[in-house]
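> Could you work out the structure for the sequence below:
(chains A and B)
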Amino acid sequence: MNQSEVELIEQLQRGEQEAFRRVVGLYQEMVYNTVLSIVQNEADAEDITQEVFVQVHQSVKLFKGDSKFSTWLYRITITKSLDFEKRRKRKKRFAFVQNLFGEKEEEQHHPVEFNHPGVLLENKEKAGELFKALQQIPNNQRIAFTLSKIEGLNNQEIAAIMNTSFYAVESLLARAKTSLKKKLKNYYLLQSAK
Amino acid sequence: MTNDENIDRQIEEALNSISEIKRASPKPYLFTRINTRLNIQVKNFWEGVAVFISRPAVLILGLCLILTANISVLLLNKSSSINSATERSINSVSDEDEYSTSFATIDNFENSEP
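Numbering: from 1, shown residues only, chains lettered A, B, ... in the order given. Reported below is the predicted structural model:
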């Protein structure tokens, strides 16, 4: 951490509102973008981003400076996003059970195809297919892939965030690519059969 | 181009589709909305405490704790009063012993005279 970041965190830990405003300003895109890539819904991403900063405000005193502030923030962001996904899956299951018992099911599923606003127009369709495939691979592979390809972090930074080794990240990324290729192949085979 | 080659090409295109991805931005006034949420959470915390305390289970548990505390204080007082009574009786016995000893000593002293 550089000196200005250390000072900013110290001010935040003292409860200075201006420091909190600066932290939100500095990291809002990083948090929002990561959440959006995981939950793939803009309204939900907005909501979770707010939750993340509320958590930061409440628990910044626990931050000891062992890692970079951004690493700590990424950890909170990923945990919140995955928690949200768990809740969403639980809701879906509950809705399915309700449907089995003949109760009226409200449409609460998020759109099937997600369009990331940061993707170039000509790549929108292909990116949509990739994001759909991303939803179907194991969480640790998905997080490693998202941090690497969307957030542009290097393997060392990803290892610090995921609390694992450099080689484990390399392996996760390789497995993520293989899993994605498999999911995409199935998807395109189905498309070509139609 | 065969079907397999076509599929492989599509897969590569999909994987490369996010190579030039730009960061998305949240809606404006995020800080204001976070602050609002923080204020709501503080309010909700005290509301939560009130709701928690007024739960029947918590009320019953609280009453049980008060009753237990009262009973234990009563029992402690009782045992301490028994202890002090025992102590008093021991003291009185020892006092009597002392008196009789001294009396016997005088008796012995008188008897020892020729």
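> Give me the neighbour count for A:I78.
A:I78 has 20 neighbours, counted by other CB atoms under 10 Å in any protein chain shown. C-beta coordinates here come from the backbone N, C-alpha and C atoms, glycine included.
> Which pLDDT does the model give the most centrally placed residue in chain B?
Ranked by distance to the mean C-alpha position of chain B (CA atoms, centre = their mean), the top residue is B:L65 at 12.4 Å. At B:L65, the pLDDT value in this model is 95.
> Check the gap between it and chain A for me.
With distances taken as CB to the nearest CB, to the nearest Å, B:L65 is found 30 Å from chain A.
> Tell me how far that residue lies from B:V58.
10 Å (CB to CB, to the nearest Å).
> where does chain B dip in pLDDT?
B:1, B:93-114 (pLDDT under 70).
> what does it have sitting close to chain A?
B:3, B:6-7, B:10-11, B:13-15, B:17-27, B:30-31, B:33-34, B:37-38, B:41 (CB under 8 Å from any CB of the partner chain).
> Grab the nearest non-local neighbour of residue 6.
I went with chain A, as the question did not name one. Spatial nearest neighbour of A:V6, excluding adjacent residues (CB to CB, 6 or more residues apart in numbering or on different chains): A:G65 at 7.2 Å.
> that's the other chain; I wanted chain B
Per CB to CB, 6+ apart, closest to B:N6 is A:S192, 7.6 Å.
> which residues does that neighbour contact?
Listed by CB atoms under 8 Å, 6 or more residues apart in numbering or on different chains, the contact set of A:S192 reads B:N3, B:N6, B:I7.
> Quick one: buried ones out of these?
For the contacts of A:S192, a burial check counting by 16 or more other CB atoms under 10 Å in any protein chain shown picks out B:I7.
> Okay, helices next: where are they in chain A?
A:3-13, A:17-39, A:42-59, A:69-100, A:124-134, A:139-145, A:155-162, A:166-193 (DSSP state H).
> quick one: which of these is nearest B:I53?
Closest of the helices of chain A to B:I53 is helix A:42-59, at 22.3 Å (criterion: CB to CB).
> How far off centre is the closest one?
12 Å (CA atoms, centre = their mean, to the nearest Å).
> Which secondary structure elements does that helix sit against?
helix A:17-39, helix A:69-100, helix B:30-53 (3 or more CB pairs under 8 Å, 6 or more residues apart in numbering or on different chains; DSSP states H and E).
> which of the residues in it are buried?
Those buried within helix A:42-59 under the rule 16+ other CB under 10 Å are A:42, A:44-54, A:56-57.
> That one vs helix B:30-53, what angle?
Regarding helix A:42-59 and helix B:30-53, their directions subtend 70 degrees when assessed with axes from the mean of the first three to the mean of the last three CA atoms, to 10 degrees.
> and helix A:42-59, average pLDDT?
95.
> between the contacts of A:S192, which is closest to chain A?
Nearest to chain A among these: B:I7, at 4.6 Å, using CB to the nearest CB.
> Number of residues surrounding residue 28?
Let's take chain A. 19.
> The chain in question should be chain B.
8.
> In three-state terms, label it for me.
With DSSP: H, G, I helix; E, B strand; the rest coil as the basis, B:P28 sits in coil.
> Next: B:G62.
helix.
> related to what we said a few turns ago, what's the separation between the residue nearest to A:V6 and A:L8?
For A:G65 relative to A:L8 (CB to CB), the value is 12 Å.
> Look at those two and report which has more neighbours.
For A:G65 versus A:L8, neighbours defined as other CB under 10 Å are more numerous around A:L8 (20 against 13).
> isn't that one right up against A:F20?
No. A:L8 lies out of contact with A:F20 (CB atoms under 8 Å); the separation is 9.7 Å.
> what does chain A put close to chain B?
A:21, A:24-25, A:28-30, A:32-33, A:36, A:42, A:45-46, A:49-51, A:53-54, A:57, A:116-120, A:123, A:126-127, A:129-130, A:133, A:149-150, A:177, A:180-181, A:184-185, A:188-189, A:192.
> List only those of these flagged as buried.
The buried subset of the residues of chain A next to chain B (16+ other CB under 10 Å) comprises A:24, A:28-30, A:32-33, A:36, A:42, A:45-46, A:49-51, A:53-54, A:57, A:116, A:118-119, A:123, A:126-127, A:129-130, A:133, A:149-150, A:180-181, A:184-185, A:188.
> still on that earlier bit, who wins for proximity to B:S72 among the helices and strands packed on helix A:42-59?
Across those, closest to B:S72 is helix B:30-53 (CB to CB), at 23.3 Å.
> For the most far-flung residue of chain A relative to its centre, which residues are in contact?
Computed with CA atoms, centre = their mean, the residue of chain A farthest from its C-alpha average is A:G102, at 34.7 Å. With CB under 8 Å, 6+ apart as the criterion, no residue contacts A:G102.
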